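Colleague: next come a sequence and a model predicted from it.
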Amino acid sequence: MAIRGSSILIPAMLFFMVFELQYEAIHSYTPVHYMVGDEDGWDPVISMQGWAQGKHFHAGDVLEFKYDDAFDVSIVDKAGYDDCFVSDTSIQFFDGDDNITLAFGANYFISSLPTNICAGGMKMAINATAPPPSV
């Protein structure tokens, strides 16, 4: 019987050790704060997708959207991003200085004000990966 118990105990111990390492890696990450569009802010004068290109975003990072009252920021799903529409499940911001924490996976942002500004390029898709392991 002791052999059978030992054969179960070792995989269980390995599972908990791996779980602990993953937990520490995720919970020890310090999120990065990004100013969307840098000094231009959330504005159609620059390519929002171009601004995001080359950056490595992680779940928990914060995007700060600064914009004037002619615009807004809406968190939408993939269909809302592709077709530039805000649905009942979208979250809209109008403050002009909004901090949004990235969720793991695909994050879609559009400006729904003024009408058709999104179709002109005022939208951004970001894939947030898992936080890197701590050093």
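Modeller: In hand now; what should we look at?

Colleague: and the gap between the nearest residue to Ser47 once chain neighbours are set aside and Thr89?
Modeller: Once flanking residues are discounted, Ser47 sits nearest to Gly121: 6.2 Å by C-beta to C-beta, 6 or more residues apart in numbering. Yep, even glycine has a C-beta here, placed from its N, CA and C like the rest. Plainly put, Gly121 is 23 Å away from Thr89 if you go by C-beta to C-beta, to the nearest Å.

Colleague: residues contacting the residue nearest the centre of the chain?
Modeller: Centroid-nearest residue in the chain: Leu102, 2.5 Å away (criterion: C-alpha atoms, centre = their mean). Shown in contact with Leu102 (C-beta atoms under 8 Å, 6 or more residues apart in numbering): Phe57, His58, Ala59, Gly60, Asp61, Val62, Leu63, Ile126, Ala128.

Colleague: what sits up against stretch 109-118?
Modeller: So stretch 109-118 is contacted by 42, 44, 48, 63, 65, 67, 70-76, 80-81, 84-86, 92, 100, 122-126 (C-beta under 8 Å, 6+ apart).

Colleague: rerun at 7 Å
Modeller: Outside stretch 109-118, the residues that touch it by C-beta atoms under 7 Å, 6 or more residues apart in numbering are 42, 44, 70-76, 80-81, 84, 86, 122-124.

Colleague: hey, C-alpha coordinates of that stretch in CSV?
Modeller: Extracted in CSV, the C-alpha atoms of stretch 109-118 (Å, rounded to 0.1, in the frame of the first residue of the first chain):
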residue,chain,number,x,y,z
PHE,A,109,-11.3,49.9,-28.2
ILE,A,110,-13.1,52.3,-30.5
SER,A,111,-14.2,55.9,-30.5
SER,A,112,-17.9,56.1,-31.3
LEU,A,113,-18.0,59.9,-31.3
PRO,A,114,-18.2,61.6,-33.7
THR,A,115,-20.0,59.2,-36.0
ASN,A,116,-17.7,57.5,-38.5
ILE,A,117,-14.5,58.4,-36.7
CYS,A,118,-13.9,54.7,-35.9
